[in-house]
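Q: with the sequence up front, the predicted model follows.
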Amino acid sequence: MQCYDCEAKLVRGCFGLTGAKCTGCAACRKIICLRCAEDQALIPFKKNEEPLPLKKTSIKSYCKACLKDVSILDYSKTYDIIEASTTSSIDKNKPITLLWVHGGGATRALFRPHASALTQKGYRSILIDLPGHGTLVDTPLTLGNCVKTVKQIVDEECSSTQTSQIIYVGGSLGAYTGFHILGALRESFAGAVLMDCGQNVGPDCSLKARLGIWFLRKLSGQMSNKGLMGAMMGEVAKSKADYHLAECSFAAGMFFQQGPAQCDCLHSVAPAALIPLLDFPILFFNGSEDYRDSENRWLALCRDRERSALKTYEGGDHFFSHDSRFVDDMLNRMDKFILSAVS
């Protein structure tokens, strides 16, 4: 007998399956090895079900086919487009497009509620999966592939007849790799909103940050998606984040198979060298409880200093963007910033 997904050999003994450890898919009950079970996991989410409190026992393992069926991601495509529900106050014929880029281990579902809320203000949104995540889990995560992914989507979905201007919106990994992406594609964007990137983890970072990157690389290289999802759940339990967190993160699955590559990308980006190349304004958001040794430095380096801004939410942590205490203010600030950036 073998694993339904990876075909690893499983030996049937007198008391069931022995040899390579295995389990059954939570949906179809097909036998999968523990390695597949640990990496193909999520919390099944039903629209009207109470998402909190999150429990580790809620994480279920699936075969690859069932994971795609149960996940809130549509695996037939690698990005989602949410059209504006009203006309823009800037251009009545063509909406401003927001390109949303998620954090490490997450997917394009992370900012779906935020993007949906901004459609009411006339914004069109494109939410993408980064390489190594979600529907692109098997694509190598490199800075080059991140640029390639964004460029392809911009070329396909953001022509002059489809949108007026494009704003980049990134969180955590999506913000930090965003410095590199924006540097490579700076002529495509009119502005950027970058969240959770206040700490310098690049080549010239502090010893403390270097140790943090080293620890994260070791952790992500040794633990499974299911294990890291459980650890993440523990961090979320300490946070006040409560804004659609279950459906945004755990119901899509989390993807740490390329965790060491995430660390390599983060440590390769030098914001201090890239920010001065960007001639458009940047709005930075951070939580006061998050690591942020360089947030004021990043702001000071902006070429368009007059229209750039930094907002730090007192009491917010790394998950502040999903903390209902701050969401409305964050979206309102984004709206005002974007209108200023494109005017």
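A: Yep, it's here.
Q: any idea which helix or strand comes after the least confident helix or strand in the chain by mean pLDDT?
A: Lowest by mean pLDDT, DSSP states H and E among the helices and strands of the chain is strand 16-18, with a mean of 52. Following strand 16-18 in sequence order, the next helix or strand is strand 22-24 (DSSP states H and E).
Q: adjacent strands (with direction) for that following strand?
A: strand 31-33 (antiparallel) (DSSP bridges).
Q: what's the next helix or strand after the strand it pairs with in contact with?
A: Per DSSP H and E, the first helix or strand lying C-terminal to strand 31-33 is helix 34-39. The contact list for helix 34-39 (Cβ atoms under 8 Å, 6 or more residues apart in numbering) reads 3, 5-6, 8, 20-23, 61, 63-64, 224-227, 257. Every residue, glycine included, has its C-beta placed from N, CA and C.
Q: center of the chain - which residue?
A: By Cα atoms, centre = their mean, the chain has its centre lying nearest to residue 102, at 1.9 Å.
Q: list the residues that contact it.
A: So residue 102 contacts 108-111, 127-130, 133, 171-174 (Cβ under 8 Å, 6+ apart).
Q: so who does residue 157 touch?
A: 79, 81, 97, 126.
Q: circling back: of the contacts of helix 34-39, the lowest pLDDT goes to which?
A: Within the set of these, pLDDT is lowest for residue 20 (61).
Q: I'd like the contacts of residue 102 as CSV, with neighbour count, pLDDT and distance to residue 141 appended.
A: Formatted as CSV, the contacts of residue 102 follow (neighbours: other Cβ atoms under 10 Å; pLDDT from 0 to 100; distance: Cβ to Cβ, whole Å):
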residue, neighbour count, pLDDT, distance to residue 141
108, 27, 98, 15
109, 25, 97, 18
110, 28, 97, 16
111, 27, 98, 19
127, 23, 98, 18
128, 26, 98, 13
129, 25, 98, 11
130, 31, 98, 7
133, 30, 97, 8
171, 28, 98, 16
172, 25, 97, 14
173, 25, 98, 9
174, 28, 98, 12
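Q: ok, of these, which one's closest to residue 147?
A: residue 130 (11.0 Å; Cβ to Cβ).
Q: surely that closest one touches residue 173?
A: Yes. Judged on Cβ atoms under 8 Å, residue 130 makes contact with residue 173 at a distance of 7.1 Å.
Q: and the closest residue in space to residue 325 that isn't next to it in sequence, how far from residue 45?
A: Once flanking residues are discounted, residue 325 sits nearest to residue 240: 6.8 Å by Cβ to Cβ, 6 or more residues apart in numbering. Residue 240 is 21 Å from residue 45, where distance means Cβ to Cβ, to the nearest Å.
Q: try residue 243
A: 15 Å.
Q: so which strand or helix has the closest residue to residue 75 other than its chain neighbours?
A: Leaving aside its sequence neighbours, residue 75 sits nearest to residue 68 (Cβ to Cβ, 6+ apart; 4.4 Å). Assigned by DSSP H and E, residue 68 belongs to helix 64-70.
Q: and that helix, what's buried?
A: 65, 66, 67, 68, 70 (16 or more other Cβ atoms under 10 Å).
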